[in-house]
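**Student:** Provide a 3D model corresponding to the input given below.
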Amino acid sequence: MHVSLAEALQVRGGPLQEEEVWAVLNQSAETLHELMRRDPSALGFVISPWSLLLMPSGNISFTDENVTQQDLRAFTAPEVLEGLCQSSLSDMEKMHMYALGMTLFWGADYEIPQSQPMKLTEHLNSILLKLCDDSTLSRLSTRSLLDACSTHIRNSTCDPAFSYVRRLVRLVLGSLSQLDGLLSQTERESLPERSKEIRDRLRGKGLPTDWITFERLSGTWLTPPG
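**Tutor:** You can find the predicted model right below:
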């Protein structure tokens, strides 16, 4: 039994909280690190809210089943969309880091009105931005991400990472008799559009030219010139 990130947030009707983002980052990085070490051939998926699976054990798994290509495009690294060959393990790692960052931005932004900022600390926001950098050289590695998560855990009073994942799973299993059919076809088609909005905002697109706007991904007020 497992629960996708999209299913958990659909049941909640709201975004991931700060410590939940850290927890999913940590558990996801651990899984990716182990896959790269043991079985790189198993990395043939794109991380997204529908393919990131929360396990009752508190671990994270990934799947490429029941996820349409339309769902994945907003989470696919730019170098992959441009058709560049991802031949090395390092290339694959950075591709997954981008998708993981975009997925967590999506989760932190879920059902938050456009006019309101995401409730992330500057430090966590900067970590996610580094994961989603257009340049593969600037993106964090799984090892660097694990180090950042470990430092956060040591310096905070948060619970173990697996406990937050377990709670997200219980949120769904305690609310539904079954997971199948949780998202209607209409809802599935609309969710990628929110991912597209996040991607555009990350790139600085779509900002009004005649209004003072809070740009949630950079955490700064942007005022059009003049």
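
**Student:** what about the strands in this structure?
**Tutor:** Listed in chain order, the strands of the chain (DSSP state E) span 3-4, 52-54, 60-62, 213-215, 220-222.

**Student:** helices and strands of the chain: which one bottoms out on pLDDT?
**Tutor:** strand 213-215 (a mean of 31; mean pLDDT, DSSP states H and E).

**Student:** Please work out how many residues are found near the residue lying closest to Gly101 once chain neighbours are set aside.
**Tutor:** Spatially, and ignoring its direct neighbours in sequence, Gly101 is nearest to Leu131 (2.8 Å; Cβ to Cβ, 6 or more residues apart in numbering). Bear in mind the C-beta positions are built from the backbone N, C-alpha and C, glycine included. By other Cβ atoms under 10 Å, the residues close to Leu131 number 25.

**Student:** Check Ser88 too.
**Tutor:** Ser88: 10 surrounding residues under other Cβ under 10 Å.

**Student:** How about Leu168, nearest residue that isn't a chain neighbour?
**Tutor:** Leu168's closest residue in space is Ala8 (Cβ to Cβ, 6+ apart), at 4.4 Å.

**Student:** Report how many residues lie close to the one you found.
**Tutor:** Using other Cβ under 10 Å: Ala8 sits among 27 other residues.

**Student:** does it really touch Leu171, like I thought?
**Tutor:** Yes: here Ala8 reaches Leu171: they are 5.7 Å apart, a contact under Cβ atoms under 8 Å.

**Student:** remind me which residues of this protein are low pLDDT?
**Tutor:** By pLDDT under 70, the low-scoring segments of the chain are 66, 69-70, 175-226.

**Student:** for it, what spans make up the helices?
**Tutor:** For the chain, the helices defined by DSSP state H occupy 5-12, 18-38, 69-72, 78-81, 89-109, 122-131, 142-154, 161-173, 185-202.

**Student:** can these go into TSV with extra columns for distance to Ile47?
**Tutor:** Below are the helices of the chain laid out as TSV (distance: least, Cβ to Cβ, whole Å):
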stretch	distance to Ile47
helix 5-12	9
helix 18-38	7
helix 69-72	9
helix 78-81	12
helix 89-109	4
helix 122-131	10
helix 142-154	12
helix 161-173	15
helix 185-202	12
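
**Student:** For Ser57, which of those is the nearest?
**Tutor:** helix 161-173 (7.1 Å; Cβ to Cβ).

**Student:** Between helix 5-12 and the closest one, find me the angle.
**Tutor:** Put simply, helix 161-173 runs at 60 degrees to helix 5-12, going by axes from the mean of the first three to the mean of the last three Cα atoms, to 10 degrees.

**Student:** Against which helices or strands is helix 161-173 packed?
**Tutor:** Here helix 161-173 touches strand 3-4, helix 5-12, helix 18-38, strand 52-54, going by 3 or more Cβ pairs under 8 Å, 6 or more residues apart in numbering; DSSP states H and E.
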